[in-house]
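Novice: Whatever this is, show me its structure:
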Amino acid sequence: MSHPAPIIFVCATHRRTTVEWSDAEPRFQVLYTTLPDLVLASVRRSNGPGTQEINAVVFDQSIGAREFLDFLSETSCEFRGDVLLLNGDGTGVLSTVSNRDGRHIYQLERQDVFFYASARFGLEANIAAPRFYERFFARTA
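Specialist: Purely as a prediction, here's the structure:
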C-alpha cells in the first residue's frame, strides 16, 4: 500500500522566496499558499483519520514574529511537524518537537537555514548560500 508523500506547506506572499522549496526531495509534496489561516486550519485537521501528514510549515517572509508566535500558540500539541519562519535577510526561527521535551524554538542564522533546508529536505542547488560560503568558494575557484 502506497502512502501519500508528507506535505511541506509553504506560506509565501513575496514573488521571490528565500528557498526554492519545490526542489525538495520527491518524497515530499510541496503546497504553496499566501494564506496563513489556511495553513493553521490544515494543521488542525492533520491529525484525524485519513488525513495526510504535514511534515513542515514554512512561513517564507509572509508573517512577522508576533504572527509566528500566535500560530504556534494555536497549533495543537499533537502536531509533530516543524514550523519555520524565514525573514527577508535569510535568517529564521525554527520550532521543532523533541520526543521527550515538547516543542523547542531555535534562532537560525543564514547558514543555519541553509543547513536545515539541505539536511531536512535535500535542497541544495537553489538555496541562496550564506556570505561566508560565497567568500570561501570565490577563494577556491
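
Novice: for the protein, longest helix please?
Specialist: Under DSSP state H, the helix in the chain containing the largest number of residues is helix 110-121.

Novice: how far is that helix from where the chain is centred?
Specialist: 10 Å (CA atoms, centre = their mean, to the nearest Å).

Novice: For it, buried residues please.
Specialist: Neighbour counts over helix 110-121 (16 or more other CB atoms under 10 Å) mark 110, 112-114, 116-117, 120-121 as buried. Where C-beta positions appear, they are placed from N, C-alpha and C, glycine not excepted.

Novice: How about stretch 91-110?
Specialist: 91-97, 108, 110.

Novice: Sticking with Ala56, tell me its helix or strand.
Specialist: When secondary structure is defined using DSSP states H and E, the element that contains Ala56 is strand 54-60.

Novice: which other residues reach that strand?
Specialist: Residues from elsewhere that reach strand 54-60, judged by CB atoms under 8 Å, 6 or more residues apart in numbering: 6-12, 14, 17-19, 21, 28, 36, 39, 42-43, 46, 67-68, 71, 79, 81-86, 120-121.

Novice: Give me the sheet partners of that strand and which way each runs.
Specialist: Sheet neighbours of strand 54-60, with direction, are listed as strand 7-12 (parallel), strand 82-86 (parallel) (DSSP bridges).

Novice: For the chain, give me the ranges with low pLDDT.
Specialist: With pLDDT under 70 as the threshold, the chain has low-confidence stretches at 1-3, 14-15, 46-51, 124-141.

Novice: center of this structure, which residue is that?
Specialist: Central residue of the chain (CA atoms, centre = their mean): Val58, 3.2 Å from the mean position.

Novice: where do the helices sit along the protein?
Specialist: Taking DSSP H to define them, one finds helices in the chain at 36-45, 65-74, 110-121, 131-140.
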